[in-house]
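>>> fold the following, please.
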Amino acid sequence: MAKGNAKFVVDAFKEAALACPLPAAVELIGEKWAFLILRGAINDLHHFEEFQAGLGIARNILSDRLAKLTAGGILERTPDPSDRRKVIYTLTPKGEALMPVVLALRQWGEEWGGGPADVVLVDREKGRPVRKICVMSEDGRVLSSPDDLVWAPRSDAEGRAA
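This is a model prediction of the structure:
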C-alpha cells in the first residue's frame, strides 16, 4: 500500500472514530462496577442494600455508580412504597436494551476467560440455555470474522436494503 493510501485510511478512520457512538457508551457503562450493577438489575436486585450485599461493593462506589447509571438513563430511581426511606432501582428501556451486551461479555468471558459458569441463562418458557450472541447478516448468516464486515455510509447500506 502506498503511503498516500495509508494516510487516507487513517484519516477516514479518524473521521469515523470521532463520530462513533462507542466512546460515549463506554464512558457510561464501560467500567467493572457498572456492568456488575447492570447484571444485578437484570437479575432483579432493586435496593441499594441488595446491590451492596450481592456485589460486595463499597457504599461510596455503589452510590457513585448508581447515580451515574441513573443520570445516564440506564436505571430509574423511585421511592419504595413499602418503606419511604428506601429507593427502588429499576432498569429503564434503555437499560434493558443493554442485556445483550452484558450477555455477550459474559459469554466471551466463559470462552476466553474463566471458563463456563455453573449457572446459565435459560429461556423461561422452554428452560433451555440461550444461544450464544453473534453478529448476523440481514439474511441470518453468522458473520464471525472482521473480514466478513466493512463500514459503509448509512445511506448506501439503507439504499441496498430495499
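
>>> what's the lengthiest strand in the chain packed up against?
Longest strand of the chain, by residue count under DSSP state E: strand 83-91. Contact here means 3 or more C-beta pairs under 8 Å, 6 or more residues apart in numbering; DSSP states H and E; on that basis strand 83-91 packs against helix 32-42, helix 48-55, strand 75-80. No exception for glycine: its C-beta is placed from N, CA and C like everyone else's.

>>> centre-most residue in the protein?
By C-alpha atoms, centre = their mean, the chain has its centre lying nearest to residue 101, at 3.3 Å.

>>> so who does the nearest residue to that one once chain neighbours are set aside touch?
Distances taken as C-beta to C-beta, 6 or more residues apart in numbering place residue 29 nearest to residue 101, at 7.8 Å, with adjacent residues excluded. Residue 29 sits next to 35, 38, 69, 72, 74, 98, 101 when contact means C-beta atoms under 8 Å, 6 or more residues apart in numbering.

>>> ok, now with 10 Å
Neighbouring residues of residue 29 by C-beta atoms under 10 Å, 6 or more residues apart in numbering: 35, 37, 38, 65, 68, 69, 72, 74, 95, 98, 101, 102.

>>> just among those residues, which is most surrounded?
The residue in the contacts of residue 29 with the most neighbours, by other C-beta atoms under 10 Å, is residue 37 (27 neighbours).

>>> who are the contact partners of that one?
Neighbouring residues of residue 37 by C-beta under 10 Å, 6+ apart: 29, 31, 45, 51, 54-55, 57, 61-62, 65-66, 68-69, 74-75, 89, 95.

>>> quick one on the thing from earlier: closest to residue 110 out of the helices and strands packed on strand 83-91?
Residue 110 sits nearest to helix 32-42 of all the helices and strands packed on strand 83-91, at 13.8 Å, using C-beta to C-beta.

>>> for the closest one, buried residues please.
33, 34, 35, 36, 37, 38, 39, 40, 41, 42 (16 or more other C-beta atoms under 10 Å).
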